[in-house]
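Q: Provided below for reference: sequence and predicted model.
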Amino acid sequence: MAGVLFILLLLFMFFRTTLALSNCTHLFNTAVINNDTLFIDGGEMHTLLPNGTITTKAIYDLETVDLSKSWKNSDSDLFNYISKPYNASHPDKYPPTINNGASWSDGENLYFYGGYVSDWGGPPVPPLGTWRYIIAVNNWTNTGFWGVPLVRLSEGGSMRSSVDKKAYYLSGILHPAGNPSFAGTPGADVYIVSGLISLNMANLEWTNYSTSAINNYGTIGAGYVGLIESVGDKGVIAAFGGETGGATITEPEHGFNSSSLKDFIQQTLRKAYDEHGLSPLWFIKINPRLSERRFSRRLVIRR
């Protein structure tokens, strides 16, 4: 009898693993690497069942993957979970569960900002706040932060500088499901917000670095943003694609086949240096027009 139960258990584990490998998708999460560990927060799990139906649920806990060793998707111990404390009676005292937020690391702590709650079993819209997870003691806190932001954005450009230990967040989308003051308002919709904000992870200060140039030509939502630290004193913020607004001045377009993206960026930076000199932090924007396989460039300077 014990042998039969063991075989049934193995079959169940095999079925569950096979189903997960081929039919499970974790969407709308944020991820950050700290030392040799990948941390995955928030989002939704979408599972396609054998009968063709799809189940969806919000992910509450912090998921981790050990990157110090090799692994396969079929490994049963690939993912580990860190439980998040929560009490619906005092939501401002507990870390939220959100979609499309941003996360950063300073080597000892994880920082979480932005996002919106899931429509699939997520908690109510949480109070505004930035959260810090202290890895060594497994503790969550939202105290000590000061300065902007006054709203919770999502799908913006998120990056971290190793030069000055600051996290940057470029523009993004204001979502009613992420902001208590807008949640449940009739007719409230999402819209793109411009600007550049930064979190100093040393003293937990938020700073608004928005300028008219960034607001007009740097708006981006649902795109990709990277920080090239090898250029200038503090690097170059490069924004690729995404949904934009307010950008009316575009330099001549260049076909993808005319030069490599690396050459294009080098040419853009050389042009910026020749015309403006060096700046502590530069910002360039490359907007793909995928239907024509061409891209244009917008250059904005943040001093």
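A: Nice, I can see it. Since this is a predicted model, take the numbers as computed values, not measurements. Numbers count the residues shown, from 1 in each chain.
Q: Quick check, Leu67 in contact with Ile40.
A: No: the pair Leu67 / Ile40 is not scored as a contact, 12.0 Å apart, by C-beta atoms under 8 Å. Glycine gets a C-beta too; all of them are placed from N, C-alpha and C.
Q: These two: who's more crowded?
A: Taking neighbours as other C-beta atoms under 10 Å, Leu67 and Ile40 compare with Ile40 leading, 19 against 13.
Q: Excluding chain neighbours, what is closest to that one?
A: Spatial nearest neighbour of Ile40, excluding adjacent residues (C-beta to C-beta, 6 or more residues apart in numbering): Glu63 at 4.0 Å.
Q: so where's this protein uncertain?
A: 1-24, 121-122, 213-219, 232, 241-303 (pLDDT under 70).
Q: quick one, domains of it?
A: 19-210, 223-303 (automatic domain parsing).
Q: Just list whatever residues bridge to the spatially closest residue to Thr37 that is not a sequence neighbour.
A: Leaving aside its sequence neighbours, Thr37 sits nearest to Thr64 (C-beta to C-beta, 6+ apart; 5.5 Å). Thr64 forms beta bridges with Phe39, Asn80, as assigned by DSSP bridges.
Q: Can you report how many residues neighbour Thr64?
A: The burial count for Thr64: 17, using other C-beta under 10 Å.
Q: so how far is Ser103 from it?
A: 12 Å (C-beta to C-beta, to the nearest Å).
Q: Identify the contacts common to these two.
A: Residues touching both Thr64 and Ser103 (C-beta atoms under 8 Å, 6 or more residues apart in numbering) are Phe39.
Q: Any figure for the gap between Asn29 and Val193?
A: 22 Å.
Q: Next: Asp119.
A: Asp119 is 22 Å from Val193, where distance means C-beta to C-beta.
Q: Pick out whichever of these two has more residues nearby.
A: Legend: neighbour count by other C-beta under 10 Å for Asp119 and Val193, higher for Val193 (19 against 11).
Q: my read: that one touches His175, true?
A: No: using C-beta under 8 Å, Val193 is not in contact with His175; the gap is 10.2 Å.
Q: tell me, what's touching these two both at once?
A: Leu153.
Q: Now do the buried residues in stretch 223-234.
A: Buried residues in stretch 223-234, defined by neighbour count with 16 or more other C-beta atoms under 10 Å: Gly223, Val225, Leu227, Val231, Gly232, Lys234.
Q: oh sorry, the question was meant for stretch 123-132
A: Going by 16+ other C-beta under 10 Å, stretch 123-132 has these buried residues: Pro123, Val125, Pro126, Leu128, Gly129, Thr130, Trp131, Arg132.
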